[in-house]
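Sequence and predicted model, in that order:
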Amino acid sequence: MKEQKVNILGTEWKIITCKEQESELLNEKYRDGCTDNSTRTIYICEKKPDCELQDYEMWKRLSLRHEIFHAFLFESGLDASSNCTNRPWAENEEMVDWFAIQSPKIYKVFAELDIL
Ligand SMILES: [Zn+2]
């Protein structure tokens, strides 16, 4: 089990990377990560025995970026108070995945342009 701390919009969050059975929020939940807003803790699951992904380290980084965006949305007050036609936009997994996938590229562009 690995524990890290990160500051998200002025609030300290914990990131716990552990085996599935070491977290009740991961165990038998078919998740690779989850965010517990009540304790401001992000859980990232280590590779499961039946996982077939070849590059699980890349998958963990992507999962962590995904969960960090959930944390940013929560700290912004946008986690559940948003609406769209079928469900709140801040719970839209495609939107969160878009940020998780694109944010390294966005950061790189910002850094190249010195606009951070
Ligand atoms: Zn999610």
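Good, I have the coordinates.

can you pull the contacts of residue 107?
residue 116 (Cβ atoms under 8 Å, 6 or more residues apart in numbering). From N, CA and C alone the C-beta is placed, and that goes for glycine too.

quick one: it from residue 116, how far?
Relative to residue 116, residue 107 is positioned 8 Å away (Cβ to Cβ, to the nearest Å).

Can you list phi and psi of the residue nearest the centre of the chain for me?
Nearest to the geometric centre of the chain sits residue 67, at 1.1 Å (Cα atoms, centre = their mean). With angles defined as degrees, to the nearest 10, residue 67 sits at phi -70, psi -30.

I'd guessed it sits against residue 42; true?
Yes - counting by Cβ atoms under 8 Å, residue 67 does reach residue 42; the two are 4.4 Å apart.

hey, what's in contact with both of those two?
Between them, residue 67 and residue 42 have 33-35 as joint contacts when contacts are counted by Cβ under 8 Å, 6+ apart.

CA atoms of the least confident helix or strand in the chain by mean pLDDT as CSV?
Across the helices and strands of the chain, mean confidence by mean pLDDT, DSSP states H and E is lowest for helix 93-112: a mean of 84. Only the C-alpha atoms of helix 93-112 are listed here, as CSV (Å, rounded to 0.1, in the frame of the first residue of the first chain):
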residue,chain,number,x,y,z
GLU,A,93,-17.9,9.7,-17.2
GLU,A,94,-17.1,10.7,-20.8
MET,A,95,-16.4,14.3,-19.8
VAL,A,96,-14.2,13.2,-16.8
ASP,A,97,-12.4,10.7,-19.1
TRP,A,98,-11.9,13.5,-21.6
PHE,A,99,-10.1,15.7,-19.0
ALA,A,100,-8.1,12.7,-17.7
ILE,A,101,-6.9,11.8,-21.2
GLN,A,102,-6.4,15.3,-22.5
SER,A,103,-5.0,17.1,-19.5
PRO,A,104,-1.3,16.0,-20.0
LYS,A,105,-1.6,17.4,-23.6
ILE,A,106,-3.2,20.6,-22.4
TYR,A,107,-0.5,21.0,-19.7
LYS,A,108,2.2,20.5,-22.3
VAL,A,109,0.8,23.2,-24.5
PHE,A,110,0.4,25.6,-21.6
ALA,A,111,4.0,24.9,-20.6
GLU,A,112,5.3,25.4,-24.2
